[in-house]
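> Task: produce atomic coordinates for the following.
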Amino acid sequence: MLTHITLGTNDLERARVFYDKVLEPLALKRLFSVEQASGWGRETPQFIVLRPRNGEAAAAGNGLTVGFAAPSRGAVKEFHRIALSLGAMDEGAPGPRPFASDAYAAYVRDLDGHKIVASCRQAE
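The predicted structure follows:
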C-alpha cells in the first residue's frame, strides 16, 4: 500500500548514526545517502530521513507514529535499549500490547521528537 515514509530532521548526520544503530536489530540497513536524505530498508529504501525541502525546521507530527516490524521480541528489546542509549526518549517500554493477539512492542521518540515503534506478533 505504501511506497515509503519520510521524517524530517534538523541534524541529518546525527539521524543517520541513530537510525543505523536502532534499525540494525530489525534487519534494516541504510541503502542510500545523499546530501539531503538517507533511506533504510531491506531491499528498497522505505524509510527516509531528510532535511525538509522547504528549508524550514523539521518538527515531529502530533499523532504520527512510524511502526517497524521486528523479527522477534528480542529484537524489540534491543531496538528499545539501543534507542535509549543513543538519547531517545522512552514512550513505552518493551511489553505486551492490547492491539492484537501476541502483540509485543516498544515505543521511543527519536532525536528529533518523532515517535517510532518496533513491534512483533510472536508468542513468548
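
> pretty sure Gly87 contacts Gly113?
No. If you go by C-beta atoms under 8 Å, Gly87 and Gly113 don't touch, sitting 11.5 Å apart. For every residue, glycine as well, the C-beta is placed using N, CA and C.

> can you count the residues close to Arg121?
Arg121 has 14 neighbouring residues, counting by other C-beta atoms under 10 Å.

> Show me which residues of stretch 14-27 are buried.
With burial defined by 16 or more other C-beta atoms under 10 Å, the residues of stretch 14-27 counted as buried are 14-16, 18-19, 22-26.

> and Val76, that one's in a helix?
Yes. In this structure, Val76 lies within a helix as judged by DSSP: H, G, I helix; E, B strand; the rest coil.

> And it, how close does it get to Gly113?
Distance of Val76 to Gly113, given as C-beta to C-beta, to the nearest Å: 21 Å.

> Would you mind telling me which of those two has the busier surroundings?
Each of Val76 and Gly113 has its neighbours counted (other C-beta under 10 Å); Val76 has more, 24 against 14.

> For that one, list the residues it contacts.
70, 94, 104-106, 118-120 (C-beta atoms under 8 Å, 6 or more residues apart in numbering).

> Equivalent analysis for Thr3, please.
Gln46.

> ditto for Val49
Contacts of Val49 by C-beta under 8 Å, 6+ apart are 6-9, 12, 15-16, 19, 37-39.

> Those, buried ones only, as a PyMOL selection?
To isolate the buried subset of the contacts of Val49 in PyMOL, counting by 16+ other C-beta under 10 Å, use the following:
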select buried, resi 7+8+9+12+15+16+19+37+38+39
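
> Go through the contacts of Val76 and name the one nearest Ile48.
Taking C-beta to C-beta as the measure, Ile48 sits nearest to Ala118 out of the contacts of Val76, at 17.7 Å.

> What mean pLDDT does whichever strand or helix holds that closest one get?
Using DSSP states H and E, Ala118 sits within strand 115-121. On average, the pLDDT along strand 115-121 is 96.
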